[in-house]
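**Student:** show me how the following folds:
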Amino acid sequence: MSISSMPDMQQSRDTRNIAIDKVGIKDIRYPIVVQDKYNERQHTVARVNMYVDLPEQFKGTHMSRFIEVLNLYHGEISIENIEVILAEMKTRLGASSAHLELSFPYFIKKQAPVSGATSLLEYRCRMIGSMDETFKFSLEVEVPVTSLCPCSKEISDRGAHNQRSNVTVHISYVGHVWIEDLIQWVESCASCPVYSLLKREDEKAVTEQAYDNPMFVEDMVRSVTEKLRSVEQIRKFKVQCENFESIHNHSAYAMIEGQNG
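**Tutor:** Residues are numbered from 1 along each chain as shown. Prediction:
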C-alpha cells in the first residue's frame, strides 16, 4: 500500500459532537535553552507537554506532528520563541488554540555566607504558553527556603523548631523578569535561604539568621506578595508556601492570588 493510499483515521469523522479542549503529547523530555542572567544562556532538559484543541467533527489529532514541531526548533527552544512554536503547532495541526508547558531544573551558583564556598543549587521552573487569538505566557518557580516558627521561639526556653519550606510563585508579566531575580525576591522573604554546601561557620550563620527572622507560613506568602506588588512588570501572580513541619506529621500551607495595576 502506498503512502498516498493509506487511510487517515485521525481525519475521519466523529459523530458524537463533542469537541476536545486539549489533546496532544505529555511528559516528553527535550533539551531547551533558558536565558541566564549571569552566563547569558543555560542549557537544560525539560519535560514538555504540547496540546491543541480538536473540533468535534474529527476523530483524532496527528500526534507525530507535535514531535515534528519540537524537532524543527531543536536546540532553539526557549522563552524567546515560544510564541513562534505555538503558532507552528496551530498551523501544522490545523488547530484554533495551542498550549505548551516546559518544566525544567535551573541551576544557580550560590556562595555560602561566611566561608564563601560555592555550589550549585537546583530550582524547579515551569514556563507555560498558550495561543488562541492572542498569546499568553507565564512563569513558575519553586524556591526552597528555611522557615522558623515564631510561636516556638516565643514560648520555648531553648531554641525553636525550623524546617525546609517550598515557596512556589507563578507570574504573568510584560517585558522581562529574570528567574534569578524572582528567586532572590522569594529568598529575601524567608527566615533564611538554603544552600547545597555549608561549612561549620556557615551553618552557624544560617541557623542564627533563621532564629533572628522567624516566619509563619502566612508571613512568607504575605511578604512575597508585597515584593511582587512592587515589581511593575508583573501583572498577575499566585504565591503558595508549604512548610514541611519538623514537629508535625503534616505540612502547613498558605496561598495568595492577586494582580497589579
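
**Student:** residue boundaries of the helices in the chain?
**Tutor:** Along the chain, counting by DSSP state H, helices occupy 63-72, 82-93, 150-155, 179-187, 200-212, 217-229.

**Student:** quick one: distance of the first one to the chain centre.
**Tutor:** This means helix 63-72. Once both centres are worked out by Cα atoms, centre = their mean, to the nearest Å, helix 63-72 turns out to sit 23 Å from its chain's centre.

**Student:** touching, residue 206 and residue 198? I think so.
**Tutor:** Yes - judged on Cβ atoms under 8 Å, residue 206 makes contact with residue 198 at a distance of 6.7 Å. All C-beta atoms are positioned from the backbone trio N, CA, C, and that covers glycine.

**Student:** excluding its backbone neighbours, what's nearest residue 145?
**Tutor:** Ranked by Cβ to Cβ, 6 or more residues apart in numbering and with sequence neighbours excluded, the top spatial neighbour of residue 145 is residue 190, at 3.5 Å.

**Student:** could you do residue 247 as well?
**Tutor:** Of all residues beyond its chain neighbours, the one nearest residue 247 is residue 161 (5.0 Å), with distances taken as Cβ to Cβ, 6+ apart.

**Student:** any idea of the pLDDT on that neighbour?
**Tutor:** For residue 161, the model assigns a pLDDT of 95.

**Student:** relative to residue 88, how far out is residue 20?
**Tutor:** Relative to residue 88, residue 20 is positioned 20 Å away (Cβ to Cβ, to the nearest Å).

**Student:** can you dump the C-alpha coordinates of stretch 227-240 into CSV?
**Tutor:** C-alpha atoms of stretch 227-240 as CSV (Å, rounded to 0.1, in the frame of the first residue of the first chain):
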residue,chain,number,x,y,z
LYS,A,227,7.5,42.1,46.9
LEU,A,228,5.7,41.1,43.8
ARG,A,229,3.3,44.1,44.1
SER,A,230,6.4,46.4,43.9
VAL,A,231,7.5,45.0,40.5
GLU,A,232,5.9,47.0,37.7
GLN,A,233,6.4,44.2,35.1
ILE,A,234,4.2,41.7,37.0
ARG,A,235,0.6,41.7,36.1
LYS,A,236,-0.8,38.6,37.9
PHE,A,237,0.6,36.4,40.5
LYS,A,238,0.0,33.3,42.6
VAL,A,239,2.1,32.7,45.7
GLN,A,240,2.0,29.3,47.5
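
**Student:** hey, where'd the strands end up in the stretch 51-200 of the chain?
**Tutor:** 98-111, 118-131, 135-148, 162-173, 192-193 (DSSP state E, counting those that start in this stretch).

**Student:** so which of these is nearest residue 257?
**Tutor:** strand 162-173 (8.8 Å; Cβ to Cβ).

**Student:** all set, thanks.
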